[in-house]
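**Q** Build me a model:
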Amino acid sequence: MNYVEPIRDKAKIKAMKKVLKQQSPRDHFLFVLGINTGLRISDLLKLRVCDVRGKTHIQIKEQKTSKKKHFKINEKLHKAIERYTDGMRNDDFLFASEQFKRPLTRSRAYQIIRGAARQVGLSNIGTHTCRKTFGYHFYQRTKDVATLQQLFNHSHPSITLRYIGINQDMMDQAVDDFNL
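**A** Numbers count the residues shown, from 1 in each chain. Next up, the predicted model:
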């Protein structure tokens, strides 16, 4: 498995949104929900309309850890959910396959994200990129590693910083600033 990076550049995030919106509302919303919640792709794909429409929080049992997760839906995300789910039934999967009434597979989600990333000139992108992008920008805005650690259910702050690429940023900057 290759190491994937967060999308650090907000212009690239905007470009990704544009490409995905042109592909389909589903693909666009998958990316938007992923980068605004930091949920794992396995947890996003199993969500149904009733799990998010009209809710203040997304409540799930994480597939990987079996831990309960209670994530607040902010106002902007709430509006995006309402727009996206308009006309959908409560029992519909948010990210249903176009051919079947089942959710997208993890590999199809990877293809969608990776394909859009290639179009905007990004590499080292995968399904964890959305989660890492959320974490990276949350940390850049708040510098609150403790809250991010809890949001990600990580056991130690150093794991969180390494996961979102902050350690790499610090090492790169240290080398950039180093001169004998």
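
**Q** make it CA atoms for all contacts and neighbour counts henceforth
**A** Fine.

**Q** Which of the residues in the lowest-mean-pLDDT helix or strand in the chain are classified as buried?
**A** The weakest-scoring helix or strand in the chain, judged by mean pLDDT, DSSP states H and E, is helix 166-176 (a mean of 81). Applying a neighbour-count criterion of 16 or more other C-alpha atoms under 10 Å, one finds Ile166 buried in helix 166-176.

**Q** and what of stretch 135-142?
**A** Neighbour-count burial for stretch 135-142 [16+ other C-alpha under 10 Å]: Gly135, Tyr136, His137, Phe138, Tyr139.

**Q** mind saving the C-alpha coords of the helix or strand containing the fourth one as PDB?
**A** What it means is Phe138. Phe138 is located in helix 128-142, with elements delineated by DSSP states H and E. Extracted C-alpha coordinates of helix 128-142, given in PDB (Å, rounded to 0.1, in the frame of the first residue of the first chain):
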ATOM      1  CA  HIS A 128      -7.400   8.300   3.000                       C
ATOM      2  CA  THR A 129      -6.700  11.600   1.400                       C
ATOM      3  CA  CYS A 130     -10.100  13.100   2.300                       C
ATOM      4  CA  ARG A 131      -9.600  12.100   6.000                       C
ATOM      5  CA  LYS A 132      -6.000  13.400   6.000                       C
ATOM      6  CA  THR A 133      -7.100  16.700   4.200                       C
ATOM      7  CA  PHE A 134      -9.700  17.300   6.900                       C
ATOM      8  CA  GLY A 135      -7.100  16.700   9.600                       C
ATOM      9  CA  TYR A 136      -4.400  18.800   8.000                       C
ATOM     10  CA  HIS A 137      -6.600  21.800   7.500                       C
ATOM     11  CA  PHE A 138      -8.300  21.400  11.000                       C
ATOM     12  CA  TYR A 139      -4.800  21.400  12.500                       C
ATOM     13  CA  GLN A 140      -3.600  24.300  10.400                       C
ATOM     14  CA  ARG A 141      -6.600  26.400  11.500                       C
ATOM     15  CA  THR A 142      -6.800  25.400  15.200                       C
END
